[in-house]
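# here is a sequence with its predicted model. Questions after.
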Amino acid sequence: MDHTCAILMEGLTKEFTAGGTKVVALERINLSVIEGEFLCIVGPSGCGKTTLLRILAGLESQTFGRVFIKAKNPEKPLTSMVFQGDSIFPWMTVEENVAYGLRIKGVSLKQRRAIARDYLQKLGLVRFAKAYPHQLSGGMKQRINVARAFVSDPEILLMDEPFGSLDEQNRLILQQELLKIWEGSKKTSLFITHSIDEALLLGDRVIVMTAQPGKVKDIVDVNIPRPRDILTLRETSGFTALYKRIWQLLQEEVLKAKATELVNSPVSSSKRHRKNTQEGKT
Ligand SMILES: Nc1ncnc2c1ncn2[C@@H]1O[C@H](COP(=O)(O)OP(=O)(O)O)[C@@H](O)[C@H]1O
Ligand SMILES: [Mg+2]
């Protein structure tokens, strides 16, 4: 593993067995993530994106292959994950939620407050520091998740469609906020998204995955200068060409995923059976 490499995956394969059938979720993924890069991952539903992040987070183990994550500082957690849905504690205030990782590490209350306050400020949450999650909108709750991940200061930040369930206006605001915080930290980040716009706004590279079994189909370099801005991104030279390239790669896989969905779904097979019966082909 060379010195600029933060994560190295070699022949990473994950198989699940569900109801007696084997599902190959990931097949021989070879990928290195460069230190300090923002790597976006796109691919059709079910292609193994979440599984990949869960393996990196240590929540799942691979069936074959190897993963190395460089631990530069043994004091730091290796990874921290932001999920799509709610993963904040409803019984804790916003501030307590944000500082949770620090409490686990045994950081003093005073220091915890200071670090948490900094991120509450960056994400416009100061007014809500003493509020409870149920008092907040979806966008605010997702800010807590983002703040919490940054506060724990991991070697690697893993984000699984963190803004996927937000409305467009909230999503734009959170993307811009995330971009600003990330520019300040340049933390190695892996970010799953369905949105090509989002991938091009945030990513240094975009990994396009194949339909199941998930493999790396292609890697696209996003040579759009930073700092980036949502307002000017689409006018940046090269944006349209990158968008087209990613969509062409992705579209093929989305169509493949849809086709297998139809073949495997019970509705389609019964329809097929009916059609065959009508045509006397049983
Ligand atoms: N715990 C599990 N048990 C069985 N199959 C699983 C499990 N987790 C994921 N899978 C299967 O692995 C494949 C990849 O899932 P996932 O990683 O969630 O895809 P994505 O995040 O790209 O939508 C899917 O076919 C899914 O059904
Ligand atoms: Mg997923």
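Ah, there it is. Ligands and ions are numbered 1, 2, ... in the order given.

# quick one: low-confidence residue ranges for the chain.
Low-confidence segments of the chain, defined by pLDDT under 70, span residues 86, 265-282.

# enumerate the residues of it near ligand 1.
When proximity is defined as Cβ under 6 Å from any ligand atom, the chain approaches ligand 1 at 16, 18, 23, 25, 43, 45-51, 212. No exception for glycine: its C-beta is placed from N, CA and C like everyone else's.

# now, of the residues you listed, which are buried?
Buried by 16 or more other Cβ atoms under 10 Å: 25, 43, 46, 47, 48, 49, 50, 51, 212, out of those.

# looking at the stretch 51-200 of the chain, which residue is nearest ligand 1?
For the stretch 51-200 of the chain and ligand 1, the shortest gap (Cβ to the nearest ligand atom) falls at residue 51, measuring 3.4 Å.

# how about the strands in the stretch 101-250 of the chain?
For the stretch 101-250 of the chain, the strands identified by DSSP state E, counting those that start in this stretch occupy 156-160, 188-192, 205-209, 216-221, in order along the chain.

# any idea which of those strands is most buried?
Stretch with highest mean neighbour count among the strands of the stretch 101-250 of the chain: strand 188-192 (a mean of 25; mean count of other Cβ atoms under 10 Å).

# give me the residues contacting that strand.
Counting contacts by Cβ atoms under 8 Å, 6 or more residues apart in numbering, the residues outside strand 188-192 that touch it are 6-7, 33-42, 49-50, 53, 56, 155-162, 182, 199, 202-203.

# now the angle from that strand to strand 156-160?
For strand 188-192 against strand 156-160, the angle by axes from the mean of the first three to the mean of the last three Cα atoms, to 10 degrees is 10 degrees.

# quick check: angle from strand 188-192 to strand 205-209?
Using the same axes, to 10 degrees, the inter-axis angle of strand 188-192 relative to strand 205-209 is 40 degrees.

# in its sheet, what does strand 188-192 sit against?
Based on DSSP bridges, the strands next to strand 188-192 in the sheet, each with its direction, are strand 38-42 (parallel), strand 156-160 (parallel).

# can you redo those strands as JSON lines with distance to residue 186?
Converted to JSON lines, the strands paired with strand 188-192 look like this (distance: least, Cβ to Cβ, whole Å):
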{"stretch": "strand 38-42", "distance to residue 186": "8"}
{"stretch": "strand 156-160", "distance to residue 186": "11"}
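
# what's the closest of those to residue 122?
The stretch from the strands paired with strand 188-192 with the least distance to residue 122 (Cβ to Cβ) is strand 156-160; that distance is 14.7 Å.

# now residue 230: how far from residue 146?
Distance, residue 230 to residue 146, by Cβ to Cβ, to the nearest Å: 17 Å.
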